[in-house]
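1. 3D model of this:
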Amino acid sequence: MKQKMFLLVAALMSGVAFSNMVAAEEVPTGGTIMFAQKLENGEPGGQQCTLPIKSDNAEHIYNFRTNDASCNNDVHSWFRVENAPSAVIFELRSDAAQLKPGECRPDSQTRWIFKLRTTRQPTTTGWISIPGLRGRPDKTIIDAGGVRLESTRDEGGNIEGKLSCVKINY
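-> I've put the predicted structure just below:
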């Protein structure tokens, strides 16, 4: 009787361990943030580009003026997140200036910064207007797909088509 009970418990435990291994493999570890110049009938238009979300526990900085990515400077006004893990923190920033690749201006020299966080596993959103973030209170859910506005630094200035730098942490 004890041997049968032991085998039953062992079989159940191995099944639980196996199901945990399968679930861990299915968890997305990347995702992307896509940018568009404009939205036409709900579809992205004009210039578009995509940045990867790297799951290496490091900050990645994309200065659009120094061609750190395929994104052009002072073009994009819309973004969407696709298949991103929860807890990705990213900043949309103006005024990248002519710095070295992989650098943005210090916060005190930037006209606006929108710091956002993904809140769902996985996070996929619709298209979100960057100028539409202005005036929104901190800790506001921006998209039910799982993006929250953590904080804003806004010294004024144009936002439409003025995205210059993006920082991504995951």
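
2. just give the number of residues close to Asn158.
-> Neighbours of Asn158 under the rule other C-beta atoms under 10 Å: 11. Placement of C-beta: from N, CA and C, glycine included.

3. low-confidence ranges, this protein, go.
-> Applying pLDDT under 70 to the chain flags the ranges 1-29, 96-99.

4. can you map out the strands along it?
-> Applying DSSP state E to the chain gives strands spanning 32-40, 43-52, 59-63, 78-82, 89-93, 112-118, 128-129, 140-143, 147-154, 165-169.

5. make CSV out of those strands and add mean neighbour count and distance to Ser70.
-> Converted to CSV, the strands of the chain look like this (neighbours: other C-beta atoms under 10 Å; distance: least, C-beta to C-beta, whole Å):
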stretch, mean neighbour count, distance to Ser70
strand 32-40, 18, 10
strand 43-52, 15, 5
strand 59-63, 20, 9
strand 78-82, 21, 14
strand 89-93, 22, 17
strand 112-118, 22, 21
strand 128-129, 17, 20
strand 140-143, 16, 24
strand 147-154, 17, 22
strand 165-169, 21, 12
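
6. for the closest residue to Asn169 other than its chain neighbours, what are its contacts?
-> Spatial nearest neighbour of Asn169, excluding adjacent residues (C-beta to C-beta, 6 or more residues apart in numbering): Ile89 at 4.5 Å. If you count contacts by C-beta atoms under 8 Å, 6 or more residues apart in numbering, Ile89 has them with 115-117, 150, 168-170.

7. equivalent analysis for Asn57, please.
-> Neighbours of Asn57 in contact, by C-beta under 8 Å, 6+ apart: Tyr170.

8. same deal with Gly102?
-> 61, 63, 66, 68.

9. before we move on, back to that, what's the closest of the contacts of Ile89 to Ala84?
-> Lowest distance from Ala84 to those (C-beta to C-beta) belongs to Tyr170, with 8.0 Å.
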